[in-house]
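*Asks:* got a sequence here, can you build the structure:
(one chain, ligands or ions: 4)
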Amino acid sequence: MLPVDLHAHSTISDGMLPPGEVVARAAGRGCRLFALTDHDDIRGLADAAAEAARQGMAFLPGVEVSVSWRRHTIHIVGLGIDPANPVLLAGLAGVRAGRDERAVRMAAELAKVGIPDMLEGARKFADNPEMIGRAHFARHLIERGIARDMKAVFKRFLAKGKPGYVAHEWASLADAVGWIKAAGGVAVIAHPGRYDFGRPTLNELIEEFKAAGGEAIEVVSGSHHPSDTERFARLAEVHGLMASVGTDYHATGEGAREPGVLADLPAGPLPVWTRWPHLQAIVASAAAHMDPASFPQTEPDQAC
Ligand code: AMP
Ligand code: MN
Ligand code: MN
Ligand code: MN
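*Replies:* Ligands and ions are numbered 1, 2, ... in the order given. So this is what the prediction gives:
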């Protein structure tokens, strides 16, 4: 087991715990190095960093940028970013700008299939009004008894091609990677196992990502099946990308994931934290002292 988690969400985007509480939860599970990576917003990073310092846990400021690439939505994580960088801040503000209008359209589409009044209910779940998204709609649909759980609600209503799905233009790949680099961060392809395209297209994405300055890919992810790990480790190695690890934690009780600890990285690709030598030392000494029995494995589930 690895006491590292470089992908997790708070109430600043579509997680259910405030930033400090996510950090405390990860630390309580034995985490030694953590990154908060809310979608398209960095407002949680100050509280998260303060709590990590209180817990004596190493912290990397992060973000998960929504990107439109060809006809697909993909996610690019930025790690070790400067949250005050004006280029990054302006870029993220632009990505957030379309979300409210998209929510209005989602509610209108759901009304057409006999589910009225979704907007107010979804908004209640969105602590950060600029960051309303599909997970908030999902939670309100579940609250109204229209679907049983997150998996079912996305499958029936919110995935591409379903009645509540509204196409949206996010950041370009080159812009997202550029903002992350401008802010001094490392760009990471999030959960490559979750995309609706196969290996040849994934290879093309990786080549474009590298050309834009991207450097890493998630190899161990709470959004993957454990059997995917080996294959993404090889992919990282073949393309010369560093390997990252993250639970993609959103909420306790939605799926089985908890933040803070993950399965070990396979040998081969360079772990992304080797980029920060002082962090590498922390991870190496913490991993050597972990008791695997105290961190039961959780099952993978659907969120991304
Ligand atoms: P949005 O950025 O508003 O399109 O919302 C994307 C978010 O919806 C992801 O980050 C996940 O939190 C959630 N999500 C997407 N697909 C699924 C799924 N199949 N099951 C559960 N949650 C999902
Ligand atoms: Mn999410
Ligand atoms: Mn995520
Ligand atoms: Mn994601």
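
*Asks:* the closest residue to Glu208 other than its chain neighbours and Ala211: what is the separation?
*Replies:* Once flanking residues are discounted, Glu208 sits nearest to Leu173: 5.9 Å by Cβ to Cβ, 6 or more residues apart in numbering. Using the backbone N, CA and C atoms, a C-beta is placed for each residue, glycine as well. According to Cβ to Cβ, to the nearest Å, Leu173 and Ala211 sit 9 Å apart.

*Asks:* what does Glu204 give?
*Replies:* In terms of Cβ to Cβ, Glu204 sits 11 Å off from Ala211.

*Asks:* same question for Ala26.
*Replies:* Distance, Ala26 to Ala211, using Cβ to Cβ: 34 Å.

*Asks:* of those two, who's got more company?
*Replies:* Shown here are Ala26 and Ala211; by other Cβ atoms under 10 Å, Ala26 has more neighbours (31 against 11).

*Asks:* surely that one touches Phe59?
*Replies:* No. Using Cβ atoms under 8 Å as the test, Ala26 is too far from Phe59 to be in contact (9.9 Å).

*Asks:* what sits in contact with each of those two?
*Replies:* Common neighbours of Ala26 and Phe59 (criterion: Cβ atoms under 8 Å, 6 or more residues apart in numbering): Phe34.

*Asks:* quick check: closest non-adjacent residue to Cys31.
*Replies:* Gly260 (3.5 Å).

*Asks:* what's the one you found sitting at in phi/psi?
*Replies:* Torsion angles at Gly260 (phi, psi; degrees, to the nearest 10) stand at phi 120, psi -40.

*Asks:* enumerate every residue touching it.
*Replies:* Residues near Gly260 by Cβ under 8 Å, 6+ apart: Pro3, Asp5, Arg25, Ala26, Ala27, Gly28, Arg29, Gly30, Cys31, Phe34, Thr247.
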